[in-house]
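**Student:** pasting the sequence and the predicted coordinates here, then a few questions.
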Amino acid sequence: GGVEMAPMSTSYSLETAVQYSMSPCSVIFKIVTRSFMERGADVDFLSAFPKEQECLFPPLTFLSATGRRQKIGAFTIIEVTPRL
């Protein structure tokens, strides 16, 4: 697992995540939550780019790997759960 020290910007949109991770060997974290209490804040209404479907997690959000991963082309998708 790992902790993000700053607010963590994520997206509900896979297309947006793919656009920001264009490299020969990209890693995308798929955040899986069990309840609304583990989810970040939807900030579309504040965004200059609302089509990016941004979701913001607070500082010190811990991401724990579930052990599930998949490889799709150049992308490795790792499933994680947040702990706020």
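**Tutor:** Yep, it's here.
**Student:** what's the local residue count around Phe57?
**Tutor:** Using other Cβ atoms under 10 Å, Phe57 has 20 other residues around it. From N, CA and C alone the C-beta is placed, and that goes for glycine too.
**Student:** could you do Pro59 as well?
**Tutor:** Per other Cβ under 10 Å, the neighbour tally for Pro59 reads 10.
**Student:** now do Ala48
**Tutor:** So Ala48, with other Cβ under 10 Å, has 5 neighbours.
**Student:** OK, contacts around it?
**Tutor:** Neighbour list for Ala48: empty [criterion: Cβ atoms under 8 Å, 6 or more residues apart in numbering].
**Student:** tell me where the chain has strands.
**Tutor:** Remark: strands assigned in the chain by DSSP state E are 2-4, 8-11, 26-31, 41-42, 54-57, 61-72, 75-83.
**Student:** any idea which of those strands has the lowest pLDDT on average?
**Tutor:** When the strands of the chain are ranked by mean pLDDT, strand 2-4 comes last with a mean of 86.
**Student:** and it, how far from the chain's centre?
**Tutor:** In terms of Cα atoms, centre = their mean, to the nearest Å, the centre of strand 2-4 is found 12 Å from the chain centre.
**Student:** which strands border that strand, and is each parallel or antiparallel?
**Tutor:** strand 61-72 (antiparallel) (DSSP bridges).
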